[in-house]
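S.K.: any chance you can model this:
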Amino acid sequence: MPYQRVKFYQTGTFTVGNRLLDEADRTVQARMDRTNSLNSGHRACQGCGEALGARYALDAVMRATQNQMVAVNATGCLEVFSSPYPESAWQIPWLHSLFGNAPAVASGVAAALRAKGKTDIRVVAQGGDGATVDIGFGCLSGMFERNDDVLYICYDNEAYMNTGVQRSGATPARAWTNTTQAVGIEPGNPAGVGKNLPRIAMAHGIPFVATASVADLHDLETKVTKAMSMRGARYIHIHVPCPLGWKSDPAQTIKIARLAVESGLFPLFEAEWGVVTDRTTIRKQISVEQYLSLQGRFKHLFNPRDEQALAAIQGMADQNIHLYDLLSTEPAMES
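M.R.: Predicted coordinates:
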């Protein structure tokens, strides 16, 4: 039956729909025909950045592919909270693999579709930082090396959250986890360890690598859409705060993600064939302390105050700003 178009009078840059923009510039979530790939009813914690990131990322994939997509999910938080037997919050073709083999399974799905001549159906693999940076790293490197036609998305909450907040290769320096306790001469996760997966992906020379954050969901959608316009191996690394593991206020998830970007600790950039082609500049840099102080996993750096550790973390942020040229030449806008 015919329907009446509803007029929306939302204004402002940060309204979800941005419905005053031209149709092509609106977010996927502003559209009434969005897929709702990850539907309501899942069991994620309050303030879960991963659930938010997955919803926006996969709806963007579905729009870019005209709903022709298969998703392969590694074991982890996203799989556990979305599909407790016999229920599922997924409304797309979705496969659950083991903890460490999602890239290999996705490569197999892509090969099978290619053999059947169904090249219009695209494949996405996804996992957390444990499944990506650690357990599945070998399979992921193989997917990159073969340039398999798969988009791999890592939802990085910086630890093994599903199994009880253990350290991963993406856990930041000096952060508390249950395996890096805040005790000893240098409490928390040791500095100088871990992996920078976006840089490793770039070293494989694959067609597209990008970082994104739930603090800028339109940017996330744009990067996913761009990735789906390409063929071959592609990688997107999304920063997703975890209130449980970060000991933070669930209502502050977006703010914390934004401070990670504005401090320089999590740079937003794009790279093609191993070369950085674009980045999101910082109009007004903040100190890393503003970011760290909102998270209980870093409270040992403030009571008593650890000047050496804080200076070292600030140095990491400053290095990112220099490496990616993140400071804009435009004057900062006062908030």
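S.K.: measure the residue lying closest to residue 102 once chain neighbours are set aside to residue 279 for me?
M.R.: Leaving aside its sequence neighbours, residue 102 sits nearest to residue 74 (CB to CB, 6 or more residues apart in numbering; 3.8 Å). From N, CA and C alone the C-beta is placed, and that goes for glycine too. Here the criterion is CB to CB, to the nearest Å. By it, residue 74 lies 28 Å from residue 279.
S.K.: so between those two, which is more surrounded?
M.R.: Comparing residue 74 with residue 279 by other CB atoms under 10 Å, the one with more neighbours is residue 74, at 29 against 16.
S.K.: returning to that earlier point: my guess is the residue nearest to residue 102 meets residue 136, correct?
M.R.: Yes: look at residue 74 against residue 136 with CB atoms under 8 Å: they come within range, at 6.1 Å.
S.K.: between those two, which contacts overlap?
M.R.: 99-102, 127 (CB atoms under 8 Å, 6 or more residues apart in numbering).
S.K.: out of the residues you listed, name the ones that lie in strands.
M.R.: If you go by DSSP state E, those have residue 127 in strands.
S.K.: out of the shared contacts of residue 74 and residue 136, who's the most crowded?
M.R.: Counting by other CB under 10 Å, top hit in the shared contacts of residue 74 and residue 136: residue 102 with 31 neighbours.
S.K.: tell me the contacts of that one?
M.R.: The contact partners of residue 102, taken as CB under 8 Å, 6+ apart, are 72-74, 125-127, 131, 136, 139, 152.
S.K.: so which of those residues sit within helices?
M.R.: residue 139 (DSSP state H).
S.K.: show me which of the contacts of residue 102 are buried.
M.R.: Neighbour counting over these (16 or more other CB atoms under 10 Å) leaves 72-74, 125-127, 131, 136, 139, 152 as the buried ones.
S.K.: and which of the residues you listed is nearest to residue 258?
M.R.: When those are ranked by distance to residue 258 (CB to CB), residue 126 comes first, at 22.8 Å.
S.K.: what's near enough to touch that closest one?
M.R.: Listed by CB under 8 Å, 6+ apart, the contact partners of residue 126 are 54, 57-58, 71-74, 78, 102, 152-155.
S.K.: how about the residues you listed in JSON lines, adding distance to residue 246 and pLDDT?
M.R.: Converted to JSON lines, the contacts of residue 126 look like this (distance: CB to CB, whole Å; pLDDT from 0 to 100):
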{"residue": "54", "distance to residue 246": "18", "pLDDT": "97"}
{"residue": "57", "distance to residue 246": "21", "pLDDT": "97"}
{"residue": "58", "distance to residue 246": "24", "pLDDT": "97"}
{"residue": "71", "distance to residue 246": "26", "pLDDT": "98"}
{"residue": "72", "distance to residue 246": "27", "pLDDT": "98"}
{"residue": "73", "distance to residue 246": "23", "pLDDT": "98"}
{"residue": "74", "distance to residue 246": "21", "pLDDT": "98"}
{"residue": "78", "distance to residue 246": "17", "pLDDT": "97"}
{"residue": "102", "distance to residue 246": "24", "pLDDT": "98"}
{"residue": "152", "distance to residue 246": "24", "pLDDT": "98"}
{"residue": "153", "distance to residue 246": "20", "pLDDT": "98"}
{"residue": "154", "distance to residue 246": "17", "pLDDT": "98"}
{"residue": "155", "distance to residue 246": "14", "pLDDT": "98"}
